[in-house]
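Undergrad: Kindly return the folded structure for what I paste below:
(chains A, B, C, D and E)
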Amino acid sequence: MLIQYYIALASALFCIGVVGVLTRSNAIIVFMCIELMLNAVNLLLVAFSKMHFALAQTANAATTAGTDAQLFVFFIMVVAAAEVSVGLAIIVMMYRNVHSADINFLNRLKN
Amino acid sequence: MSLAYLVPLFPLLGFLINGLFRNSLSKSMIGIIGSGVVLASFIISVILFFDVKNNGGAVTQYFNFINVDSFKIPFAFQIDALSSLFLLIITGVGFLIHVYSTSYMHEEPAGHFGRYFSYLNLFVFSMLLLVMGANYVIMFIGWEGVGLCSYLLIGFWFKNDNYNYAAKKAFVMNRIGDLGFLLAVFWILSKLGTANYADVFAQTAKLSATDITGITLLLFVGAMGKSAQIPLYTWLPDAMAGPTPVSALIHAATMVTAGIYMIARSHALYSLSDISQNVVAIVGLATALLAASIALYQNDIKKILAYSTVSQLGFMFLALGVGAYTTGVFHVMTHAFFKALLFLGAGSVIHAMSGEQDITKMGGLRKKLPVTYWTFLFGVLAISGFPFTSGFISKDEILLAVYSYNKVYFWIAAFTAVLTAIYMFRLLMLVFFGGFRGTQEQEHHLHESPPAMTIPLVILGILSLIGGFVQLPASFGGHDYLNEFLGSGMANVPAITNENAAAAIKEYYLLGGTVIGLIIIFAATKKFFAVDKFDSEYTGFKKVLANKWYVDELYDAVIVKPLNSIAGFLKNIFEKSGIDGIVNGVGRFVQYSSRQLRLIQSGQVGSYILFMVLSVVMLFWVFWNQEIIVQFLQKIF
Amino acid sequence: MISLLLILIPFLTGIVSFFLQDEKTAKSWALISSFFTLAIALIGVYTINQKNLLSFDAEWLPQLGSRFTIGLDGMGKMLCLLTAIALPVVFVSTYKNEYQKPGSYFGLMLWMQAGLMGVFLSMDCLLFYFFWELALIPAYFLCSKWGGEKRIAVTFKFFIYTFIGSLLMLVGILYVYFKTPDHSFALQSFYHAGLSVNEQYFAFWLFFIAFAIKMPVFPFHTWQPDTYEQAPTSVTMILSGVMVKMGIFALIRWLLPIFPDAVLKFNHFIILLCIIGILYASLIAIKQNNIKRLVAYSSIAHIGLMCAAVFTNQQVAIQGVMIQMFNHGINIIGLWIVADAIEKQFGTGKFSELGGLAQKAPGLAILLVVMALANIALPLTNAFPGEFLIFNGLFRYNVWMAAIAGISIILAAVYTLNMIQKIFYGNTVAVTENAHDSSMNIKLALVILVIIVIVLGVYPQPMIQLTGGSVHTVLAKINP
Amino acid sequence: MNAIILSAVLGAVMMFCSFLINKKETFRHIAAFGLLLLLIANVMDTYGVIFFDINTHGMLHFGKFGLFFNSIAIGSTLIYVLLTGKEIEKTGKYVAEYFVLIFFVLCGIAILSAYGNLLMLFLGIEIMSIPLYILTGSDKKNLKGNEAALKYFLMGAFSTGIMLMGIALMYGGTGTFDLEVYRNHAANGTPSISFLEVTGLLFLMVSLAFKVSAAPFHFWTPDVYDGAPGVFTSFMATIVKAAGFIAFIKLCEIRMQETSVDIDKLAGVDWKMLFALMIVATLLVGNITAAFQQSVKRMLAYSSIAQAGFMLFALFSLNDLAKEGLLLYSAAYSLATIGIFAVLVKMKDYTFEGYNGLAKTQPVLAAANTVCLLSLAGIPLTAGFFAKYYMLASVIKTGTYTWLVIAGVLFAAVSVYYYLRVIQAMYFKEGNAETEEITRSFKAGLIILSAIIILIGIMPQYLLYWFYF
Amino acid sequence: MGITEILFWGLSGLAIFAAIMVVISKNPVHSVLWLIVVFFAISGHYILLNAQFLAIVNLIVYAGAIMVLFLFVIMLMNPNAGAEPQKNMWMKFAGVVTGGLLLIVMISTVRSAVDLENKTALLNTGNIGLIQNLGKVLFNEYAVPFEVSSVLFLSAMVGAVVIGKKE
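TA: Residues are numbered from 1 along each chain as shown, chains lettered A, B, ... in the order given. Below you'll find the predicted structure:
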């Protein structure tokens, strides 16, 4: 499958995530959209890994090119999980204080 | 010659002593010191004079004043015929006036008395520097020095603001002249690399015609300022604010003749430029005429004398302009005698009238003040050129010179001479003849002045009668000693000599003319002005003359007022709103943009991220089209 | 060695002074220190330069190619002498003034002196920049702590203005630095930096603007009158008497030799600017109603004249500037002393509220008159030889410019005499009704200055000889 | 390596302390001691004494540059803890945990200063950021704190997304995450520049620009610095930001020095111009906006953006001067800012009015604060001057974009404007500023701090001496 | 058009559709569910790309753990609170436009990328995505990051405690 398709797909997902971040104001959903972006990246990485694998394979059959990308994806997931725990904790903390998960609800810091 | 430095030194000492200890010394002491130092330098001047007469002039150098690569300016004195003559005039007349002052200024409290004499001594010092200096720079030092002293002395009674204005006016107008002088000096220095008279005149060949004309004209500008010629003459009449002896010394006898001295000194340059000579002549003539015309309808005794001074100075410049340098100098001398005399006489009158200066309020003083009257009469005769008085001899020598130079000039000059006689006799009549027009108590203590004042009068009177004989034309069996004496000092100038027959005939015409003219004038003025009542309501042209042709008003409107308004504009609008406005504007702009810029920080995560993404997009765009931007930037920077 | 002392003495005594609480002690301490410095400076002026004696050189920033190199040449000697004279005179004349926190006040004053000395001494460009700032910062604190009521804003403007200038200069310095063959800040390597003509044209302005703001020349002058008016007078004296000379000094020491081509290209424009400034300032001075502002503007005019002369590229003119720097410093300090005395006594410097002082304070009057006459460069006062030479050079450069600039001589007479008349002549008014002559210390200070004025006016030759050498070195750079 | 492992271990140790010990002060002392150990360990590392010799397979490269920076970061952290440790205790009840997080941040910094692989860059950034999210929100009842934490977290996560996209694209272009390969690739294979790689670099640049708060990705900075507890703001604004720059410059080195604009041959692109624009924007936003702030804390937040603008000069001109300068700058800037914040957190009122007349009530604080402010303003005789000096010099050395330098100095002049406002308030305005009680040791600390700043300012050669590698 | 192509297009379509739903659905719970759908689709892609390990991990970690965590939190703050106050229209519009612009930019960049000419991602075959390979590499070259990530977890843990724990 041509790599451009994957890139296009990933970019699409990525941008949808961006749009979500920009349009929604519920902290959780915004955060979810960010996760979406990360997943788009993951997909792209895997696609690339296979692309490079394909390229390298023509040179020597026993190549393991592209492994690192998949491992990178793995690490992204790891980090994402950690981030989620912290992020949700922060959101919950705010919710406790103001009983809202709206990112624009608190607006003391400006100018 | 070795004594030369003493001449200015004495007055300097006098200045220092009187200046520093003016409060501790007694008046008499101050007077003695003040006059003594001048007497001392007079004596030395006499010695120097005869020294020069016997074995020529010389230059003595003392130290390097300014000494840079491109030129050297020594502090040196030059004693030759010209300067030694001026030394005599300055110190001699100066001494008499000092003596006169001791009693004239006697009412002043000790402190001011001392101040007065210290100024006077300082003046003599600077004047001596002026004439003794061996180069233009030293002359300039004296030149500005005398200006300063005249400023100080005009504003001597500094409580009166008008006097201060007069003083300031005098100084500023002099400064205008000084600028010209200074530029001339720079010109000389930049061309010749020296300002010493000897070297400059020796190298005139190096100077192009334009150089010479430019230099001489600029020098003449300086002379205009100092010697009160058109257009810079208006300060001199106002300068009468000063004490009368000051007017006699500075504004009649010595300082105002500095211009003549300077041109006579640099005759070597002037005689090389017809243009400037002509200019000098015309300006002198015009000034003489203008001043004389104004003097006709003045009522302030000192003002009249002031204008007559201006007019006489005009005569001198005329003489210089037509190339009769020695004659000019000769007239300086005679003028010093009779004008000083007249001023001192006027002073004596004012003294007697307890401060009154308006001649319409005087009259019939000849009985009350005999000495003053007689001496004053001598003065009047001299200035109006009564035969064989000093004035007659010098003036008709001028007229002769002018006649041989340009007929038109001659007739105008002659007419001016007549005017001179008229206003002088008018003055004489109004003051000493007719009935007294002043108040009772003025009349009550009218009295002859003390000897300290009368003796100088007498001396000067005699001088102004016989002082001219040093130059008595051969036609009257005399011989022009002075011309010879000066001529020896003045290289390459043909001394105007009256030894030929043609000149002799003219002499007789003039003699006749003058005698007749004077008699008519005497009669006329006696008829009109020797009266008991005199109303000074002038109308029509007389009014114009009485108001001095409105020259002061003209200057005020053309120069002073515009300058003031420009300065005001610059100060209040251009500086404040213009330049400073821009500077502060930058600061204000920063504040304003800060206030606007911080609104972008809306505090909403959404908008922040929006901006971020937008700028990412922008970044990509810039990135892929950056050759455009690079070119753009290169265009700017 | 001597040069090092000139910097160290004020600096160290300054540090000590910060810990002095008592007014008297602080004053006398500062006075002693300044007199000591003066003594050293005099020794410095009269010692023939053996390397080890006058100059000092030490490792400083080897990585940046900058050494702690200071030395006294003719020009440096003269200006250090000026600085050394200025401080004691100022201290004496303001001896009776009260200050809160006197310790810090005098400490900062001494630091300022150290900075000034450093500027005049440093033979290394980075060092020069350091001292340039070191002189500025104490001035900032002095003005905004001890100044008049509008002090903070005014001083702020002053600081920012000059700081922009010096930052631009820093850029210029670095720019030249990277062009020097041996990547060093030393004076000599800067002189031999192989700058192409275009590079010169560019870097020239970076330097010139800094100096122009410092001097200041029109149109960068607007900070000056306000600052002079608001700053405590003793600081104003230093600012106008010495600090503005930093600008001119820097022109001669750094700008001319480093950018000869640029100088030859731009000098016409700059001289024109200066002459406009001269007339402009003189005209404004005529309209001033406040002695301090008047002196400030007259100073602008004089500085403009000097700046113009520097760019005439005439030996005479630069020689004139050299001695004029010193003399102008002396004169203007004298004028400030009088201004201060008047303000202290009557609480106002407005002419309209003063008058007739000559009757009440003859001593002060005479001293002021002498100072004023020196300010208008009357012959036999110290300013005459300087201005004579300056105008002479200007005349050689261009007749008309000289003539136009010469008008300032007349205008100077006008405003100076105005001041004398309005303050000292005429009849006394309410304020001056029961005025008394100024106190001994002020008179003393003024007398000292007057003596300098007269002596240098009658016999300026030694000064000329002192600085002659520097002029030659500079001009040798411009037109080899 | 020492630094990374030791800091992680120390973090763990602090964790255990948190429930073994219950005297707050001891945490501070342990932390200080730990930092000292860390510093020593790192210095030893610099001179070749490596405790743990691990084959990192090119994941980490320990160069002198990074290690020097570690020393600076750890050292400043030490000073920071010594000066403001007390305040940390006042923030909340999890004192030990705060120190734990600080140690973890240091660990992340150590990774960033040595990463040789984009994966490590990613991990380092995350390890550095996540604790900061928490520290920002550590004052839980404070709504400003909450808001700041939320904003910081969301935007941080977003930038992580961008960064990952960048990394992915770079991988797509090159097939590797290894910086070495990139560098060689840049060295020998310039013509074969890959669109994906460049695009990825752009994304990476954006995300790192976000971390160092360079305009137009600075928006989080003022709010977060303002909302976070003062102590932690000081930590974030100094050490962390500097670390961001170190990571950035290491990245820039791989191929961003290319300046040939030749699109059709795809042979390189003018990164310098991008940086130039970014620098101007950053200086503009930072300085201009700071000029009108009312709260000193917020002003400092903006000024930190402005300072970032100056540090960006180093990324613009990637030469030796730039790297040395960056070290010097981060040292000078960290010291000064820590000092200012140390004073700030003692103030009762964070507005400019709050500082009025501080010179009378607390002369020592005022003096130290003045020195720090002057240093930030880059006045000679303070460390800040040489920092700025290096930045300007590095750009001028490149010989291009001199207008950028001029713009820089003009903005520096603007910065003087708002720094002097504080000095004016302290010295020239009337009023009596209220502070919490000031201990002797605190004053002593401040004095030492300002002494160091001035010492570096007068004779930096002793510091510079180490930087020449 | 083989089975893989069909699967590819199907999954892609599903992913995009679900992603859009995530963004536009009002109720947070729904968007969570839609997000899970996206993850499944992406896992499908992984399987297509023969990266089984990641496919599984993706399901377990994301769809399993993380999403559940999200759900918990949403439940914890009662769902109808999710009915968020409408952001102003302008903001929404701007957001969409900007996102679109970003997409255009990225796509155009990729399209103009000559060096991607006919490069393909290998489907179905290629065993680098298998655990034994990944594991080998992970515990050799990637040991250091693996260890380092523990620090990340520690800090996350501490953070969660510090922030989350009730006083």
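
Undergrad: For the stretch 301-450 of chain C, which segments count as helices?
TA: Assigned by DSSP state H, counting those that start in this stretch, the helices in the stretch 301-450 of chain C fall at C:315-346, C:357-360, C:362-375, C:383-397, C:399-424, C:440-458.

Undergrad: Leaving out sequence neighbours, find the closest residue to the residue of chain C found nearest chain E.
TA: With C-beta to the nearest C-beta, the shortest gap between chain C and chain E falls at C:Gln63, namely 35.6 Å. Just so you know, the C-beta spots here come from the backbone N, C-alpha and C atoms, and that holds for glycine as well. Once flanking residues are discounted, C:Gln63 sits nearest to D:Leu464: 4.8 Å by C-beta to C-beta, 6 or more residues apart in numbering or on different chains.

Undergrad: Straight-line length of stretch C:371-386, end to end?
TA: Taking C-alpha to C-alpha, to the nearest Å, the first and last residues of stretch C:371-386 lie 15 Å apart.

Undergrad: same check, this time on stretch B:533-553
TA: Using C-alpha to C-alpha, the end-to-end distance of stretch B:533-553 comes to 31 Å.

Undergrad: now stretch B:288-301
TA: The straight-line separation of the ends of stretch B:288-301 (C-alpha to C-alpha) is 19 Å.

Undergrad: That one - what's its average pLDDT?
TA: Mean pLDDT, taken over the full extent of stretch B:288-301, equals 89.

Undergrad: Please apply the same query to stretch D:54-64.
TA: 87.

Undergrad: ditto for stretch B:433-446
TA: 80.

Undergrad: Number of residues surrounding the closest residue to chain D within chain C?
TA: Distances from chain C to chain D, computed as C-beta to the nearest C-beta, single out C:Leu167 as the nearest residue at 3.8 Å. The criterion is other C-beta atoms under 10 Å in any protein chain shown. On that basis, C:Leu167 has 26 neighbouring residues.

Undergrad: what does B:Asn547 give?
TA: Residues lying near B:Asn547 (other C-beta under 10 Å) number 14.

Undergrad: ditto for D:Phe69
TA: Burial of D:Phe69, expressed as a neighbour count using other C-beta under 10 Å, amounts to 28.

Undergrad: pLDDT score assigned to it?
TA: According to the prediction, D:Phe69 has pLDDT 93.

Undergrad: elements contacting the helix or strand containing it?
TA: Using DSSP states H and E, the secondary-structure element containing D:Phe69 is helix D:64-91. The elements that helix D:64-91 packs onto, with contact taken as 3 or more C-beta pairs under 8 Å, 6 or more residues apart in numbering or on different chains; DSSP states H and E, are helix D:2-20, helix D:24-46, helix D:95-112, helix D:230-235, helix D:241-255, helix D:320-346, helix D:440-458.

Undergrad: Can I get those helices in TSV including mean neighbour count, distance to D:Val414 and mean pLDDT?
TA: Supplementary listing: the helices and strands packed on helix D:64-91 in TSV, determined by neighbours: other C-beta atoms under 10 Å in any protein chain shown; distance: least, C-beta to C-beta, whole Å; pLDDT from 0 to 100:
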stretch	mean neighbour count	distance to D:Val414	mean pLDDT
helix D:2-20	21	37	90
helix D:24-46	19	36	91
helix D:95-112	28	31	93
helix D:230-235	27	22	92
helix D:241-255	23	20	89
helix D:320-346	25	17	92
helix D:440-458	17	21	92
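
Undergrad: a markdown table for those helices, including distance to B:Thr204?
TA: Putting the helices and strands packed on helix D:64-91 into a markdown table (distance: least, C-beta to C-beta, whole Å) gives the following:
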| stretch | distance to B:Thr204 |
| --- | --- |
| helix D:2-20 | 90 |
| helix D:24-46 | 84 |
| helix D:95-112 | 86 |
| helix D:230-235 | 83 |
| helix D:241-255 | 77 |
| helix D:320-346 | 66 |
| helix D:440-458 | 65 |
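
Undergrad: Out of these, which gets nearest to chain B?
TA: In this view, the helices and strands packed on helix D:64-91 are compared for proximity to chain B by C-beta to the nearest C-beta, and helix D:241-255 is the closest at 13.8 Å.

Undergrad: Could you see whether chain B lies near stretch A:36-52?
TA: No. Legend: contact between stretch A:36-52 and chain B by C-beta under 8 Å from any C-beta of the partner chain is lacking; minimum distance shown is 11.4 Å.

Undergrad: Report the backbone C-alpha coordinates of that stretch in CSV.
TA: In CSV, the C-alpha atoms belonging to stretch A:36-52 read as follows (Å, rounded to 0.1, in the frame of the first residue of the first chain):
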residue,chain,number,x,y,z
LEU,A,36,-6.2,10.8,19.2
MET,A,37,-3.4,12.8,17.8
LEU,A,38,-0.9,10.5,19.5
ASN,A,39,-2.6,7.5,18.0
ALA,A,40,-2.4,9.1,14.5
VAL,A,41,1.3,9.4,15.1
ASN,A,42,1.5,5.8,16.2
LEU,A,43,-0.1,4.6,13.1
LEU,A,44,2.2,6.7,11.0
LEU,A,45,5.2,5.4,12.7
VAL,A,46,4.2,1.8,12.2
ALA,A,47,3.5,2.5,8.6
PHE,A,48,6.9,4.1,8.2
SER,A,49,8.6,1.2,10.0
LYS,A,50,7.1,-1.2,7.4
MET,A,51,8.1,1.1,4.6
HIS,A,52,11.7,1.2,5.7
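
Undergrad: Give me the contact status of that stretch with chain D.
TA: Yes. Applying C-beta under 8 Å from any C-beta, one finds stretch A:36-52 touching chain D at A:Met37, A:Leu38, A:Ala40, A:Val41, A:Leu44, A:Leu45, A:Phe48, A:Ser49, A:Met51, A:His52.

Undergrad: Which of the residues you listed sits closest to D:Gly166?
TA: When these are compared for distance to D:Gly166 (C-beta to C-beta), A:Val41 comes out closest, at 9.2 Å.

Undergrad: Quick check, the closest one in contact with A:Ile76.
TA: Yes. A:Val41 is within contact range of A:Ile76, at 6.9 Å (criterion: C-beta atoms under 8 Å).

Undergrad: out of the two, which sits in the more crowded spot?
TA: With neighbours defined as other C-beta under 10 Å, A:Val41 and A:Ile76 compare such that A:Val41 has more, 27 against 23.

Undergrad: Secondary structure of that one: a helix, I assume?
TA: Yes. According to DSSP: H, G, I helix; E, B strand; the rest coil, the state of A:Val41 is that of a helix.

Undergrad: Pull the contacting residues for the residue in chain E positioned nearest to chain A.
TA: Per C-beta to the nearest C-beta, E:Gly95 is where chain E lies closest to chain A, at 3.0 Å. Shown in contact with E:Gly95 (C-beta atoms under 8 Å, 6 or more residues apart in numbering or on different chains): A:Val19, A:Val21, A:Leu22, A:Thr23, B:Gly606, B:Leu610.

Undergrad: show me what contacts the third one?
TA: With contact set as C-beta under 8 Å, 6+ apart, A:Leu22 has these partners: B:Gly606, B:Ile609, B:Leu610, B:Val613, E:Met91, E:Ala94, E:Gly95, E:Val96, E:Thr98, E:Gly99.
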